[in-house]
Structure formats: C-alpha cells, structure tokens
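Student: mind looking at a prediction? Sequence and model below.
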Amino acid sequence: MRRAAILLGLIAASSAAFAGAPDVSLRPVARPAALAPAAPRAAAPVRALFTHVRPVARPSGLAPVAVIPAPARKPASSSQTRGSGHQPIPRIEQKSAGGGLMASLRPLLRPLGVNRKGQERKRQLSRGAICGDIAIQGEEVGRVPGRISGCGIEDAVKVRSINGISLSQHALMDCQTARTIKAWMQKGMAPAVGTYGGGVAQLRVAAHYSCRTRNNQKGAKISEHGKGHAIDIAGFTLRDGKTITVLNDWGSGRKGTILNQMHRSACGPFRTVLGPESDRFHQDHFHFDTVRTRSGSYCR
C-alpha cells in the first residue's frame, strides 16, 4: 500500500511539471517567404554593362599620351600579396606638342668641346668686328688725311670680309659704305647668284680709297673714292672655283644675267651705280658709292 501511494505521488508530480511546459515547439519552423534570402542573380556580361555608354570624342587640344611601364618592384611577401589581386599601375606621361616625351631623349647639354669651339669662334669674330657689326670684319684705322683738299676719311676702317665673304684686297672706307655693301650683298648679290657655283666666296675689288679726281681726269671734282665712300668691283669668285667678271661676262649667258641683276639691285642702296653701259671708264667693273650730296640714286 505504501509503495502504491509513492507511485501515485510521482505521477502527480510529473503531470504538474508538464503542465508548465511551453506551447510552442522547440523545433525550427520554416521562415516566411518574404524573409527568405533572395536567390543570387546571374552576373551580367561585362560587355552588356557598357552597351549604353557612347565614346566621347577626345578634345583636339590634348596630345597623345605614351604609356611607360613602371619600374620593376621587389615582390612582396606572401602575407602582403595574398588575396590582393592588384596589378602594378603603369606610369603615364603626356606627350609634348612637338610629339616628343616631356622627358626628352636628347642630351640637355651640348658636348663641352662644341661649346668651347663656338665660344672661341665668337671671341675671334668679336675681336675682328668693326662698325659695331660682327658680320663686318677688319680693323679700325681712324682718321686718314688727304694729300689734296677734299680727300680723306675721318673714321676709316679697313674691311677684309663681309658676311663671311672675303675681299680680294682689304678695302679702306667709312662705316656707312661698309654697311651699305653688306646690305647689298645680302639682298642683291646673294639672290642674284643663288646656288650657282655654290655661291660667292670672294669679291674681286678693283679699287677702294684713292685720293684722286673723278675718273682721274684733270680739273674734275674729287672722286667719292677720295672720301672713303666708294668701291669698284671687277668680279666674283664662286665657291666651286668659277669666276664671274664684268669685263668678260656682261651681257653673255647666265653669268651676264647674274651681273645684270646685281647691277639693278645696287641701285637704291647705293647713291651712284655705274657699269659697262655707263661710259668707257667702267667697261670692266661696277662703281658703287654712297655720296652724301645726292638724295636719290643715279644708276647707269
């Protein structure tokens, strides 16, 4: 009897315990459809992503760029590169307007020997420059007195070359005449000769300063030669050795055409221009002078 009472007590206690248990099951319940994770969408092809992007015209002002690989770097440790997936970024340099890279491949400095030669040549020319012009080479003479009234030069120079072209004899004159000869050589003589014979190498000077009357005639006025204002040119030696002379080539063939152009081009820079057709005294040379008493030019 006592055992039966104990058993009944245990059953009663168990019933009381289950009476306080929760009504909801402890097993997992299916989540609502709204809360379920969305199924992953298939990745769109890369090309499809950019089909709507139109290329933009590059502005005309931008120069093309050159892509230069970056210098090689030491490989990083496995711990640094694991999972990185990044590639080295190339270095980009803008091209200059001339087409070359900003970092020019030409040497920035000229060879030292070339600079020294150029400087030495410049010093030599500077030492020989007269009339304040490095293209006129010679020596300063100063005052040249005349043996007769009306002759002489106040500030005389002796010219040996102009524009790199030598004179067959060093010519005595004033600076205004020397500058006029230089201008005519550049704008008249050189274009007339052009590339024929390689160009002029030397002026064949027939006369320069000489204290005398015009054409050496007794009783005539003092010549412009006697004042340092004139030069007589008999011909030209070309770089290939050919010669053009007023006496032999005036009015004949290509050389005659060149001489005619020289004669015409001198009329203007010089105040007096005389040639073979002017008189019997100028059959073999051109007479050019810078007379100061005439406003216009006299050319024959």
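Tutor: On my side now, so go ahead.
Student: work out for me the element Ile181 sits within.
Tutor: Element membership of Ile181, judged by DSSP states H and E, is helix 175-184.
Student: so what secondary structure elements neighbour the following helix or strand past that helix?
Tutor: Once the chain leaves helix 175-184, the next helix or strand it forms, by DSSP H and E, is helix 190-193. If contacts are counted by 3 or more Cβ pairs under 8 Å, 6 or more residues apart in numbering; DSSP states H and E, helix 190-193 sits against helix 253-266. For glycine as for every other residue, the C-beta is placed from the backbone atoms N, C-alpha and C.
Student: helix or strand right after the helix it packs on?
Tutor: Next helix or strand after helix 253-266 toward the C-terminus (DSSP H and E): strand 272-274.
Student: within its sheet, name the partner strands of that next one and how each one runs.
Tutor: strand 286-289 (antiparallel), strand 298-299 (parallel) (DSSP bridges).
Student: residue contacts, Gly199?
Tutor: The contact partners of Gly199, by Cβ atoms under 8 Å, 6 or more residues apart in numbering, come to Ala190, Val193, Leu238, Arg239.
Student: err, Arg214, not the other one
Tutor: Arg214 makes contact with Ala220, Lys221, Ile222, Ser223, according to Cβ under 8 Å, 6+ apart.
Student: rerun that using 7 Å as the cut-off
Tutor: Residues in contact with Arg214 (Cβ atoms under 7 Å, 6 or more residues apart in numbering) are Ala220, Lys221, Ser223.
Student: kindly report the same for Ser223.
Tutor: Ser223 sits next to Arg212, Thr213, Arg214, Ala230 when contact means Cβ under 7 Å, 6+ apart.
Student: same check, this time on Val291
Tutor: In this structure, Val291 makes contact with Glu224, His229, Arg271, Thr272, judged by Cβ under 7 Å, 6+ apart.
Student: three-state assignment of it?
Tutor: Using DSSP: H, G, I helix; E, B strand; the rest coil, the structure places Val291 in coil.
Student: give me phi/psi at the nearest residue to Gly198 once chain neighbours are set aside?
Tutor: Leaving aside its chain neighbours, Gly198 sits nearest to Arg239 (3.3 Å; criterion: Cβ to Cβ, 6 or more residues apart in numbering). Backbone dihedrals for Arg239, given as degrees, to the nearest 10, come out at phi -70, psi -20.
Student: same check on Arg160?
Tutor: Dihedral angles (degrees, to the nearest 10) for Arg160: phi -110, psi -20.
Student: was I right about it contacting Gln169?
Tutor: No - Arg160 sits out of contact with Gln169 when judged by Cβ atoms under 7 Å, with a separation of 9.0 Å.
Student: what are the ranges of the strands in the chain?
Tutor: Here the chain has its strands, by DSSP state E, at 65-68, 91-94, 129-130, 133-145, 152-162, 165-173, 200-207, 230-238, 243-245, 272-274, 286-289, 298-299.
Student: count of neighbours near Gln137?
Tutor: Gln137 has 21 neighbours, counted by other Cβ atoms under 10 Å.
Student: wait, it sits on Gly128?
Tutor: Yes - the criterion here is Cβ under 7 Å, and Gln137 meets it with Gly128 at 4.4 Å.
Student: quick check: closest non-adjacent residue to Val141.
Tutor: Nearest non-adjacent residue to Val141, counting by Cβ to Cβ, 6+ apart: Ala156, 4.1 Å away.
Student: Gly241 now?
Tutor: Residue nearest to Gly241 in three dimensions, not counting chain neighbours: Gly197, with 7.9 Å by Cβ to Cβ, 6+ apart.
Student: could you do Arg143 as well?
Tutor: Distances taken as Cβ to Cβ, 6+ apart place Glu154 nearest to Arg143, at 5.7 Å, with adjacent residues excluded.
Student: buried set for stretch 193-208?
Tutor: The neighbour-count check on stretch 193-208 (16 or more other Cβ atoms under 10 Å) flags Val193, Tyr196, Gly197, Val200, Ala201, Gln202, Leu203, Arg204, Val205, Ala206, Ala207, His208 as buried.
Student: dump the residues you listed to TSV, plus pLDDT and distance to Gly150.
Tutor: As requested, the buried residues of stretch 193-208 are exported to TSV (pLDDT from 0 to 100; distance: Cβ to Cβ, whole Å):
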residue	pLDDT	distance to Gly150
Val193	98	36
Tyr196	97	41
Gly197	97	40
Val200	98	34
Ala201	98	36
Gln202	98	32
Leu203	98	27
Arg204	98	28
Val205	98	23
Ala206	98	22
Ala207	98	17
His208	98	17
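Student: what about the stretch 51-200 of the chain, any weak spots by pLDDT?
Tutor: 51-114, 117-118, 120-122, 124-125 (pLDDT under 70).
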